[in-house]
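**Student:** 3D, please:
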Amino acid sequence: MAEAKTVVTRIEPADFISQVGPERKREEAQVLDQIFRDATGEKPQMWGPSIIGYGSYQYRYESGHGGTMCRQGFSPRKAKHSLYVLRCGDETEAAAFAPLLAKLGKHSMGKACLYVNKLDDIDLEVLEEMIRLAWKRSCDSFPE
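**Tutor:** Alright, predicted model coming up:
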């Protein structure tokens, strides 16, 4: 089986954030870092070259493939911030978050993440509530 590409690195998240451009994205990354720290109670680690992650869990698919991944995280991408707060392809997860997503503000979704162009487009209190809920659900589903 192939090894996971997204693993913890030795890069300091603060050093990574300091290199994010443009300036607005860098400032927003600092805001997101604080929101994730407050909501999870965890210090961040870099996962791969660009994901700032909080906590970790072990997963295993029915195929036997498994690994370790951050429970929550974000990546301050050039076009949009990628927020890793939802479990991939889980219908009960999607239903649990539907009321919060309706209140979040302007965003789009992928299989396991939210995309936000700029933080002014969303309600940060709703985002923090989502992160807290996702953290609890992750810890309940994947205890350490």
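**Student:** which regions of the chain lie under the pLDDT threshold?
**Tutor:** Within the chain, the ranges that satisfy pLDDT under 70 run 1-4, 88-91.
**Student:** need the helices for it, in chain order.
**Tutor:** Here the chain has its helices, by DSSP state H, at 13-18, 23-40, 91-104, 124-141.
**Student:** count of neighbours near the residue lying closest to Lys106 once chain neighbours are set aside?
**Tutor:** Counting by Cβ to Cβ, 6 or more residues apart in numbering, Asp121 is the residue found nearest to Lys106 once chain neighbours are left out, at 4.0 Å. The C-beta positions use only the backbone N, C-alpha and C, and glycine is treated the same way. Neighbourhood size, Asp121 [other Cβ atoms under 10 Å]: 13.
**Student:** now swap in the one 3 residues further on and tell me
**Tutor:** Leu124 is surrounded by 14 other residues when neighbours are defined as other Cβ under 10 Å.
**Student:** contacts only, for it.
**Tutor:** By Cβ atoms under 8 Å, 6 or more residues apart in numbering, the residues touching Leu124 are Val31, Ile35.
**Student:** hey, what's the nearest residue to Lys25 once chain neighbours are set aside bridged with?
**Tutor:** Residue nearest to Lys25 in three dimensions, not counting chain neighbours: Pro76, with 5.1 Å by Cβ to Cβ, 6+ apart. With DSSP bridges as the criterion, Pro76 is bridged to His81.
**Student:** hmm, who's touching stretch 6-22?
**Tutor:** Stretch 6-22 is contacted from outside by 26, 29-30, 33, 44-53, 56, 68-69, 76, 78, using Cβ under 8 Å, 6+ apart.
**Student:** selection in ChimeraX covering whichever of those are buried, please.
**Tutor:** Only the buried entries of the contacts of stretch 6-22 go into this ChimeraX selection, using 16 or more other Cβ atoms under 10 Å:
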select :29,33,44,45,46,47,50,51,52,53,56,69,76
